[in-house]
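Novice: need a 3D model of the following:
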Amino acid sequence: MSGTELLTVIGVSAGIAAIVGVAAWLLLRRFARAPITVHLVTVVVAAVASVVGGVMVATQAMYLTDRDARIALVIAVTSGAVAVVTASLLGLEIARAARVLRAAAEGLGRGVPVERQPLPVGEFRAVLDELAASDARLRAARDEIDRQEHARRELVTRIAHDLRVPLAGIRAQAEALQDGLAPDPDRYLAQIGAQVGRVDALVADLFAVSQIDAGTLRLRRERVSLADVASDAVAELRGLADGAGVTFEFAATGAGTVDGDAVQLGRAVTNLLANALQHTPSGGRVAVAVDEIGEHVRLTVADGGPGFAAVDLEHAFEAGWRGSDARSPHRLDLTGGAGLGLAIVRGIARAHGGDASAANAPGGGAVLTLSLPAAA
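Specialist: All right, here's what the predicted structure looks like:
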């Protein structure tokens, strides 16, 4: 075969393949919603047709005898038919895998668990694995939403109770004063003031939690010594601790300078100390320590109470959480009992770029840690 004839055969074969390919592409676009088996068979038929057309052109150009041309054509057609049958069988298997993916996607929307299973195509298997992982994440998110909703309802109920008690006391004492039935008006007025202070503290905690949740807590940053803040908080609560028979121990290995809001940090530290004091029995101690570890300043408060139940550790800093019976009810009522103190601690810590954590001491008692970035 001369060079010209070879180029002619190549050109004609390429033209036939191009025509068949365009026809197959138009057919697939026309039946885009057809099953995957139809698409796969169409592709194989197009490939076989291109090869058969090329063989026919080659046999004519090579001037083969009619017998040789028929043999070549029979071989091409037979091979093509086998290829189409094979493609159909493979298409059925791929279609089954596609149905599994479709069922998994539908089940994901209805809440039906997505189970991993072997599929014949690696990409399909990867998609199924991702659907299963997404299902697990969605279930975890739904569980978290349900848990938060349950906690929110409990928080609302507890706050309503905590507000109702002092308000009922204020009303009764105010009515006694109005009716002139109070034997000691000054004492009644002092009790009303104390109840008002308790309600005001609870409302302030609710406002702080709402600011933290909304991300609107504003900080007036300055250079603050966390050791000084902790020392002031210990001094503020030492009188209550002495009255409850609890010993405060304070130690600082450095100033623990941070860039933060002194008022908010003082509130966080006071909440930690109040929490420890509420759960430490008479004769116990609360150890407060401030140290610097690398680029962080850490404040730890270790109490002498029963510690946290293992299932409660991860919920210690959630709003409204009050823990198991081991740490509730409180021996001293310093925070109103609404379970907002530690949630405020974590919110203030994270607003400063730090965090708060809870653990149980090996010898008993809880250890609450406030970690903040050290000042540059």
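Novice: alpha carbons only for contacts and neighbour counts from here, please
Specialist: OK.
Novice: quick check, pLDDT for the closest residue to residue 356 other than its chain neighbours.
Specialist: Excluding its sequence neighbours, the residue lying closest to residue 356 (CA to CA, 6 or more residues apart in numbering) is residue 370, at 4.6 Å. Note on residue 370: pLDDT of 92.
Novice: could you list the paired strands of the helix or strand hosting residue 370 along with their orientation?
Specialist: Assessed by DSSP states H and E, residue 370 sits inside strand 366-373. Using DSSP bridges, the strands paired with strand 366-373 are strand 296-302 (antiparallel), strand 355-360 (antiparallel).
Novice: what sits up against that strand?
Specialist: 258-259, 272, 295-308, 349, 352-361 (CA atoms under 8 Å, 6 or more residues apart in numbering).
Novice: same check on stretch 164-173?
Specialist: Against stretch 164-173 from outside (CA under 8 Å, 6+ apart): 182, 188, 192, 195, 196, 198, 199.
Novice: just the ones of those residues in helices?
Specialist: 188, 192, 195, 196, 198, 199 (DSSP state H).
Novice: what number of residues lie near residue 358?
Specialist: A count of neighbours around residue 358, defined by other CA atoms under 10 Å, yields 22.
Novice: contacting residues for it?
Specialist: Counted by CA under 8 Å, 6+ apart, residue 358 has contacts 313, 314, 316, 366, 367, 368, 369.
Novice: got a PyMOL select line for the buried ones in the residues you listed?
Specialist: In PyMOL, this line selects whichever of those come out buried by 16 or more other CA atoms under 10 Å:
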select buried, resi 313+316+366+367+368+369
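Novice: format the contacts of residue 358 as CSV; extra columns: distance to residue 205.
Specialist: What follows is the contacts of residue 358, written out as CSV (distance: CA to CA, whole Å):
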residue, distance to residue 205
313, 22
314, 21
316, 16
366, 23
367, 23
368, 19
369, 20
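Novice: deepest in the core, which of the strands paired with strand 366-373 is it.
Specialist: Highest mean neighbour count among these (mean count of other CA atoms under 10 Å): strand 296-302, with a mean of 22.
Novice: helix or strand right after that strand?
Specialist: helix 341-351.
Novice: send me that next one as CSV with only the CA atoms.
Specialist: What follows is helix 341-351, C-alpha atoms only, in CSV (Å, rounded to 0.1, in the frame of the first residue of the first chain):
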residue,chain,number,x,y,z
GLY,A,341,-21.9,30.5,85.6
LEU,A,342,-19.6,28.1,83.8
ALA,A,343,-21.2,28.8,80.4
ILE,A,344,-20.3,32.5,81.0
VAL,A,345,-16.7,31.4,81.9
ARG,A,346,-16.3,29.5,78.6
GLY,A,347,-17.9,32.3,76.6
ILE,A,348,-15.6,35.0,78.1
ALA,A,349,-12.6,32.7,77.6
ARG,A,350,-13.3,32.1,73.9
ALA,A,351,-14.1,35.8,73.4
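Novice: and the contacts of that helix?
Specialist: Residues contacting helix 341-351 (CA under 8 Å, 6+ apart): 205, 208-209, 212-213, 217, 264-265, 267-269, 271-272, 275, 316-319, 335, 355-356, 370-372.
Novice: give me the angle between it and strand 366-373.
Specialist: Between the axes of helix 341-351 and strand 366-373, defined by axes from the mean of the first three to the mean of the last three CA atoms, to 10 degrees, the angle is 20 degrees.
Novice: report pLDDT for residue 10.
Specialist: Note on residue 10: pLDDT of 67.
Novice: one step back: pLDDT check: weakest of the ones in helices among the contacts of stretch 164-173?
Specialist: residue 198 (73).
Novice: can I get the buried part of the contacts of helix 341-351 as one PyMOL selection?
Specialist: Per 16+ other CA under 10 Å, the buried members of the contacts of helix 341-351 correspond to this PyMOL selection:
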select buried, resi 205+208+209+212+217+264+265+267+268+269+271+272+275+316+317+318+319+335+355+356+370+371+372
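Novice: what segments of this protein are strands?
Specialist: Counting by DSSP state E, the chain has strands at residues 222-225, 247-252, 257-260, 285-293, 296-302, 355-360, 366-373.
Novice: now the biggest helix by length in the chain: mean pLDDT?
Specialist: In the chain, assigned by DSSP H, the helix with the most residues is helix 122-178. Averaging pLDDT along helix 122-178 yields 77.
Novice: also stretch 70-85?
Specialist: The average pLDDT for stretch 70-85 rounds to 70.
Novice: what's the answer for stretch 358-365, then?
Specialist: pLDDT averaged over stretch 358-365 gives 85.
Novice: output that stretch as PDB, restricted to C-alpha atoms.
Specialist: This file holds the C-alpha atoms of stretch 358-365, laid out as PDB (Å, rounded to 0.1, in the frame of the first residue of the first chain):
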ATOM      1  CA  ALA A 358     -13.000  20.600  83.200                       C
ATOM      2  CA  ALA A 359     -11.500  17.500  84.600                       C
ATOM      3  CA  ASN A 360     -11.400  15.400  87.700                       C
ATOM      4  CA  ALA A 361      -8.400  15.400  90.000                       C
ATOM      5  CA  PRO A 362      -6.800  12.000  90.600                       C
ATOM      6  CA  GLY A 363      -7.300  12.400  94.400                       C
ATOM      7  CA  GLY A 364     -10.900  13.600  94.000                       C
ATOM      8  CA  GLY A 365     -12.600  16.900  93.300                       C
END
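Novice: tell me the contacts of the residue lying closest to residue 299 once chain neighbours are set aside?
Specialist: Excluding the flanking residues, the one nearest residue 299 by CA to CA, 6+ apart is residue 290, at 4.5 Å. Counting by CA under 8 Å, 6+ apart, residue 290 touches 226, 227, 230, 251, 252, 253, 254, 256, 297, 298, 299, 300.
Novice: check residue 266 too.
Specialist: Applying CA under 8 Å, 6+ apart, we find residue 266 in contact with 229, 230, 233.
Novice: can you add distance to residue 240, neighbour count and pLDDT and give those residues back as CSV?
Specialist: Formatted as CSV, those follow (distance: CA to CA, whole Å; neighbours: other CA atoms under 10 Å; pLDDT from 0 to 100):
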residue, distance to residue 240, neighbour count, pLDDT
229, 18, 20, 91
230, 16, 25, 91
233, 12, 20, 89
